[in-house]
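Trainee: My questions are about this predicted structure, shown below with the sequence.
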Amino acid sequence: MKIPDTEVIIIGAGFSGIAAAKKLHEAGISFIILEARDRIGGRVYTNYLKEDLYVDLGGQWIGPTQDRMYELCKEYGISYFETYDEGKNVLNLRGKIRTYKGIIPKMDPISLINLDILMRKLERMARQINVHSPWSHPKAPKWDQMTLETFLRKNSKTKSCYEVIKIGCETIFACELNEISLLHALFYIRSGTSLDCLINIKDGAQQHRIVGGMQSIAEAMVAPFHEKIIFNCPIEKIIQGADQLEVISSENSFFAKRVILTVPPPLLKNIDFEPGLSTEKSQLLENYPMGRVGKCFMIYDTPFWREDNYSGQVVSDDPLTHQTLFDCSPVDGKYGILMGFTIGNRADEYFGRSEEDRKKRMISQLVQYFGERAKNPIQYIDFTMSDETWSQGCYAGLMPIGAWSNWRDAYRKPEGNLHFAGTEAATVWHGYIEGAVRAGEAAASEIIELKKKEKI
Ligand SMILES: Cc1cc2nc3c(=O)[nH]c(=O)nc-3n(C[C@H](O)[C@H](O)[C@H](O)COP(=O)(O)OP(=O)(O)OC[C@H]3O[C@@H](n4cnc5c(N)ncnc54)[C@H](O)[C@@H]3O)c2cc1C
């Protein structure tokens, strides 16, 4: 293999790496992308089952204030469509199945008032967080010493209120709620605009899906420089010398002046850096697990639940299956697709079973919600990035108790000629594709600015 001469090496061809590459490409700075997998997209992965049928196994939604995503759609002429959100939603709490309209499930009045107060409180606290320095809030030391679970338990006066907020938060953060600090939860909410924005379909983070799947944006972005991506190239070691960096895979060494790393935290930890990373970054990486979530798709020849005025949305505390379900049918409704999120310990339990058992469980759940027609799917498919060597979890890295206080912005700080991107480096829409794009662009901008200074 001929090793290309290049100014910048980008590690990872997810949205962050691709966005960094696009910016460097436009600035006329030479680069290559080294990608461990045999595909682009990383935590975005559209699986084309047939020519007219696809499912987004990774990230799929965009919504208001995700400005870069909408600009990219416009730039490449990629269409998006409203997530189906009409009709009754289903709540399954302690085996009791009820329907409701809107965002807040039907519960007893005390639980409803409690839930409203609790959500407003979270919203108010999150609004006070500076996303660039969450640790600087006067109450940050207290909020960083408490898990989100402790806070929610303390502020839930009824069991139903706790169960519903728990399911909502598990779906937002993709973890058990004792895995993140309250401060991280508040930062994440503020980073994604507001709690309402994170939860909602209409006017929220789940508002739009991409025609042709999320991966089609990544494909459009890389089209002008696809040949600069080297696939099946996991990086094992990086040596920073005085004039250049040596980036080493099991088969090759690559050389450049600067490196942008976009790999998720557990994979960053596995790279051998010489000299080592700063103490702060190394310590953070020892304490930076990923979320756990699986997506399960039941595909039908038609979205039959819509005929009975169901939205396809479900909130459930059934410990054996999914926390939440959504209608993920294609824009033309040619197929009917219901997608369930199974999260945290539920995901571990669910994916510990055989595929046949997983399919059976999902069907029996769907029959309870939408009737006998749910018994006859065309296909079942599920997927979890927790099992993937090159993701090791999702949606994103989780800041546990004390992490923001102890290591602050260590993750995104450049070290020598190493620049750090990926959605975990984002301050705005942290954990989302929008955040990945913004962080990739920010790292590329750092390099462009440094290059300008070098020329003076
Ligand atoms: C199930 C699921 C649902 C989600 N839903 C949404 C959603 O609806 N909307 C939304 O905005 N976000 C969603 N997300 C989150 C979103 O997908 C991620 O935040 C985003 O894709 C992260 O992009 P990234 O470029 O930062 O990281 P990644 O996509 O993880 O890219 C990193 C790349 O680095 C590569 N790599 C890793 N290690 C090495 C190595 N040593 N050498 C070389 N290459 C390496 C990986 O293969 C990968 O391609 C979801 C994620 C998942 C998994």
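Mentor: Structure's in. What do you need? Numbers count the residues shown, from 1 in each chain.
Trainee: Close to the ligand: what parts of the stretch 251-400 of the chain are there?
Mentor: 262-264, 267, 271, 293, 295, 385, 390-391, 394-396 (Cβ under 6 Å from any ligand atom). C-betas here are computed from N, CA, C, even on glycine.
Trainee: Name the member of the residues you listed with the shortest distance to residue 149.
Mentor: Nearest to residue 149 among these, counting by Cβ to Cβ, is residue 293 at 17.1 Å.
Trainee: Which residue is the nearest non-sequential neighbour of residue 127?
Mentor: Among residues not flanking residue 127 along the chain, residue 190 sits closest, at 6.7 Å (Cβ to Cβ, 6 or more residues apart in numbering).
Trainee: Check residue 228 too.
Mentor: residue 32 (5.1 Å).
Trainee: And the residue nearest to residue 127, how far from the ligand?
Mentor: When distance is defined by Cβ to the nearest ligand atom, to the nearest Å, residue 190 is 16 Å away from the ligand.
Trainee: repeat for residue 52
Mentor: Taking Cβ to the nearest ligand atom, one finds residue 52 at 22 Å from the ligand.
Trainee: From one end of stretch 417-427 to the other, what's the distance?
Mentor: 21 Å (Cα to Cα, to the nearest Å).
Trainee: quick check, distance from it to the centre of its chain.
Mentor: 15 Å (Cα atoms, centre = their mean, to the nearest Å).
Trainee: which one of the residues of the stretch 251-400 of the chain next to the ligand is nearest residue 13?
Mentor: Once Cβ to Cβ is applied, the member of those that ends up nearest residue 13 is residue 262, at 8.3 Å.
Trainee: close enough to count as contact, residue 245 and residue 235?
Mentor: No: counting by Cβ atoms under 8 Å, residue 245 does not reach residue 235; the two are 11.0 Å apart.
Trainee: shouldn't residue 193 be in contact with residue 67?
Mentor: No: counting by Cβ under 8 Å, residue 67 is not a contact partner of residue 193; they are 11.1 Å apart.
Trainee: Between these two, which is the more surrounded one?
Mentor: Remark: of residue 193 and residue 67, residue 193 carries more neighbours, 19 against 14, as counted by other Cβ atoms under 10 Å.
Trainee: Contact partners for the residue nearest to the more buried one when sequence neighbours are not counted?
Mentor: Spatial nearest neighbour of residue 193, excluding adjacent residues (Cβ to Cβ, 6+ apart): residue 65 at 4.9 Å. Taking Cβ atoms under 8 Å, 6 or more residues apart in numbering, we find residue 65 in contact with 193, 197, 429.
Trainee: on that earlier part again, which residues are common contacts for residue 245 and residue 235?
Mentor: Common contacts of residue 245 and residue 235 (Cβ under 8 Å, 6+ apart): none found.
Trainee: out of the two, which sits in the busier spot?
Mentor: Between residue 245 and residue 235, counted using other Cβ under 10 Å, the more crowded position is residue 235 (24 against 20).
Trainee: mind checking pLDDT for that one?
Mentor: Each residue has a pLDDT score; the one for residue 235 is 98.
Trainee: now swap in the one 5 residues further on and tell me
Mentor: The predicted local confidence for residue 240 comes out at a pLDDT of 96.
Trainee: how deep is residue 356 tucked in, by neighbour count?
Mentor: Neighbours around residue 356, by other Cβ under 10 Å: 9.
Trainee: so where's this protein uncertain?
Mentor: 1-4, 456 (pLDDT under 70).
Trainee: Outline the domain layout of it.
Mentor: 6-42+214-288+398-455, 46-65+73-85+205-210+291-387, 109-194 (automatic domain parsing).
Trainee: Put together a markdown table for these, with distance to residue 96 on each row.
Mentor: Formatted as a markdown table, these follow (distance: least, Cβ to Cβ, whole Å):
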| stretch | distance to residue 96 |
| --- | --- |
| domain 6-42+214-288+398-455 | 32 |
| domain 46-65+73-85+205-210+291-387 | 10 |
| domain 109-194 | 10 |
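Trainee: Which residues are in contact with the spatially most central residue of the chain?
Mentor: Per Cα atoms, centre = their mean, the C-alpha nearest to the average position across the chain is that of residue 395, at 3.3 Å. Listed by Cβ under 8 Å, 6+ apart, the contact set of residue 395 reads 43, 59, 174, 291, 293, 431, 432.
Trainee: Same question for residue 430.
Mentor: Counted by Cβ under 8 Å, 6+ apart, residue 430 has contacts 131, 187, 188, 191, 192, 396, 423, 424.
Trainee: Can you pull the phi/psi pair for the last one?
Mentor: Translated: residue 424. Phi and psi for residue 424, reported as degrees, to the nearest 10, are phi -70, psi -10.
Trainee: That one contacts residue 265, doesn't it?
Mentor: Yes: at 5.8 Å, residue 424 counts as touching residue 265 under the criterion of Cβ under 8 Å.
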